[in-house]
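> what's the 3D shape of this:
(chains A and B)
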Amino acid sequence: MNIQEYISSGIIESYVLGLANPEERQEFERLAAEYPELREARDAFEISLENNIQPGTISPPAHIKSKILSQIEMDEHETAPSFSGGGTTVPPVIAGTDDRSGDISRSRMGVRKDFSRILAAAAVILLLMSTALNFYFFNRYREYNEKYQALIASQTELASHNQILEARLLEYERTMDMMKDPAMYIVKMPAAPNAPDPASATTVYWDTRTKDVYLAINRLPKPDQNQQYQLWAIVDGKPVDAGIFDLKDGAGMTKMKNIQKAEAFAITLEKKGGSAVPSLDRLYVMGKV
Amino acid sequence: MSLLKSRDSKAFSYLYDNYSASLYTIIAQMVNDMEVANDVLQEVFINIWRKIESYDPVKGRLFTWMLNIARNASIDTLRSRGFQNTRKNQSLQDKKDWPLAAKPDWVNIDNIGLKRTVERLKKEHRVLIDLAYFKGYTHEEIAEIEDIPLGTVKTRIRNALMQLREYLK
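Residues are numbered from 1 along each chain as shown, chains lettered A, B, ... in the order given. As a prediction, the model looks like this:
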């Protein structure tokens, strides 16, 4: 073979540019190993091609580089072990048109496939997490709603209880005011000599300005349902009705009838609604003015 | 070189800085679409990284090796069905406003790199190099497309390459 003829046949350019078919390529590589001048001619064309291509080229967008670097970094971590033995599957050094490796596009497809798989997996995970969170938050919502309702109920109860206490406090305050009032005339009423309950005791507070009568019950037995206690003022030796009353909770005073003048006060147990004349056999307490 | 083979990422970064523009330009000239060229370039450098062990300096220069990886990846992209469909749709859709929609970045793409040299070839040579090199058609396919005998295709391409070599010197 005339190597000079071969060199100028266009095979070098065809080989370097990747236009040669596999048989041509094989032949070229065989001859290049044999003839140094063929290798020199090839090197020369490669250098002129390289020099010719470089000027005026366009630089790719900057972000491409970082994408590639992070990709190969991932590569290193994920598939590094498989590389050591993977040498046999790589295509020839200068691949021709005919055996341009499909694995380039396959690898890209692979990357995309993997990526979409990762995306799908991520989506499923997110959905599951979201569902779990929804369930969790719904339960929490129910729980807190119940607690809220319970709180409202107890708050209402507390408020009404508070109102009761307030009313009672007000009553105590009024009582205290009356007891402290120097214009109040106090009539202690211990148990009468033959009283049914010898421990009975009451007190009358008599306002010397208005002549209003307030009764404080220290102790009286609980009457039957059809009975009521009645307060009497003794005026000029005769009993005058000063009003009926019920026993009640607390230490509040009960306002009785206005009495202008009296020598003593007494309480008897009468039928419900009171009597015109006191039943002296049921005289519980009595106190002189 | 040994650094590259031992997968040194700094060496790889250097490689990228020195050759990405050349490869990017070839890819862009082939796929003729900026977005696609970005994807292909990315894929090409990842492949360079993965296959660097298989590069054999005895058989040629590193740049030649990389250039062929870039070209093959571009041809794969051109031939993939999805890409062809996109092209078809685009050419139908954009036909009327194509001149206005011309991407400014690509206006001069045929006047740089290897393509600038190819443009100097006479038309019958230029067309065949364009089909063979930039579009990746085989000689048989070109004979069919251009409706000329296979022998003529081979002769013309050989002559075109010889001419190209003179221009490149």
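
> who touches A:Ala201 in this structure?
Going by Cβ atoms under 8 Å, 6 or more residues apart in numbering or on different chains, A:Ala201 touches A:Lys188, A:Met189, A:Pro190, A:Ala191, A:Asn218, A:Arg219, A:Val285. Glycine gets a C-beta too; all of them are placed from N, C-alpha and C.

> Wait, a strand at the last one?
Yes - under DSSP: H, G, I helix; E, B strand; the rest coil, A:Val285 sits within a strand.

> Okay, now the unreliable bits of chain B?
B:1-7, B:81-111 (pLDDT under 70).

> how far away is B:Gly136 from A:Ala20?
Using Cβ to Cβ, to the nearest Å, B:Gly136 is found at 14 Å from A:Ala20.

> same thing with A:Met74?
Distance from A:Met74 to A:Ala20, counting by Cβ to Cβ: 36 Å.

> Mind picking the two most distant members of the contacts of A:Ala201?
Distances among the contacts of A:Ala201 were taken as Cβ to Cβ; the most separated pair is A:Lys188 and A:Arg219, at 12.7 Å.

> sorry, back to before: between A:Met74 and A:Ala20, which is the more surrounded one?
A:Ala20 (22 against 12; other Cβ atoms under 10 Å in any protein chain shown).

> Please tell me how far the closest residue to that one other than its chain neighbours sits from A:Tyr205.
Leaving aside its chain neighbours, A:Ala20 sits nearest to A:Ser14 (4.4 Å; criterion: Cβ to Cβ, 6 or more residues apart in numbering or on different chains). The spacing between A:Ser14 and A:Tyr205, counted by Cβ to Cβ, is 132 Å.

> Same check on A:Glu27?
According to Cβ to Cβ, A:Glu27 stands 137 Å off from A:Tyr205.

> If you count surrounding residues, which of those two has more?
A:Tyr205 (20 against 15).

> what sits opposite that one in the beta ladder?
Per DSSP bridges, the residues bridged to A:Tyr205 are A:Ile186, A:Tyr214.

> Now do it, the pLDDT please.
Listed pLDDT for A:Tyr205 reads 91.

> correct me, but it touches A:Met179?
Yes - when contacts are counted by Cβ atoms under 8 Å, A:Tyr205 is listed as touching A:Met179 (7.2 Å).

> Where do the domain boundaries of chain B fall?
B:1-101, B:112-169 (automatic domain parsing).

> okay if I get the ones you listed as CSV plus mean neighbour count and distance to chain A?
Listed next are these as CSV, based on neighbours: other Cβ atoms under 10 Å in any protein chain shown; distance: least, Cβ to the nearest Cβ, whole Å:
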stretch, mean neighbour count, distance to chain A
domain B:1-101, 18, 4
domain B:112-169, 17, 4
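
> want to throw those into a markdown table with distance to A:Lys113?
Shown next, in a markdown table, are the domains of chain B (distance: least, Cβ to Cβ, whole Å):
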| stretch | distance to A:Lys113 |
| --- | --- |
| domain B:1-101 | 14 |
| domain B:112-169 | 24 |
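
> right, and those domains - which one's nearest A:Ala123?
Evaluated with Cβ to Cβ, these place domain B:1-101 nearest to A:Ala123, the distance being 23.1 Å.

> Please report which of the contacts of A:Ala201 has the highest neighbour count.
Within the contacts of A:Ala201, most neighbours by other Cβ under 10 Å means A:Val285, with 26 neighbours.

> What segments of chain B are helices?
Here chain B has its helices, by DSSP state H, at B:2-5, B:9-31, B:34-51, B:62-79, B:81-93, B:98-101, B:113-119, B:123-129, B:139-146, B:150-168.

> Quick one: closest of the ones you listed to A:Glu143.
Of all the helices of chain B, it is helix B:34-51 that lies closest to A:Glu143, at 51.9 Å by Cβ to Cβ.

> name the helices or strands packed onto that closest one?
When contacts are defined as 3 or more Cβ pairs under 8 Å, 6 or more residues apart in numbering or on different chains; DSSP states H and E, helix B:34-51 packs onto helix A:62-83, helix A:102-180, helix B:9-31, helix B:62-79.

> Could you give the separation of that helix from the chain centroid?
Taking Cα atoms, centre = their mean, to the nearest Å, one finds helix B:34-51 lying 13 Å from the centre of the chain it belongs to.

> for the helices and strands packed on helix B:34-51, which one ends up most surrounded?
helix B:62-79 (a mean of 23; mean count of other Cβ atoms under 10 Å in any protein chain shown).

> Using PDB, list the CA coordinates for that helix.
Taking C-alpha atoms only, helix B:62-79 is exported to PDB below (Å, rounded to 0.1, in the frame of the first residue of the first chain):
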ATOM      1  CA  LEU B  62      -8.600  14.500  23.600                       C
ATOM      2  CA  PHE B  63     -10.400  17.300  21.800                       C
ATOM      3  CA  THR B  64     -11.200  15.100  18.800                       C
ATOM      4  CA  TRP B  65     -12.600  12.500  21.200                       C
ATOM      5  CA  MET B  66     -14.800  15.000  22.900                       C
ATOM      6  CA  LEU B  67     -15.800  16.600  19.700                       C
ATOM      7  CA  ASN B  68     -17.100  13.200  18.500                       C
ATOM      8  CA  ILE B  69     -19.000  12.600  21.700                       C
ATOM      9  CA  ALA B  70     -20.600  16.000  21.300                       C
ATOM     10  CA  ARG B  71     -21.400  15.300  17.600                       C
ATOM     11  CA  ASN B  72     -22.900  11.900  18.300                       C
ATOM     12  CA  ALA B  73     -25.000  13.200  21.200                       C
ATOM     13  CA  SER B  74     -26.300  16.000  18.800                       C
ATOM     14  CA  ILE B  75     -27.100  13.400  16.100                       C
ATOM     15  CA  ASP B  76     -29.000  11.300  18.700                       C
ATOM     16  CA  THR B  77     -31.000  14.300  19.700                       C
ATOM     17  CA  LEU B  78     -31.800  15.200  16.100                       C
ATOM     18  CA  ARG B  79     -32.900  11.700  15.400                       C
END
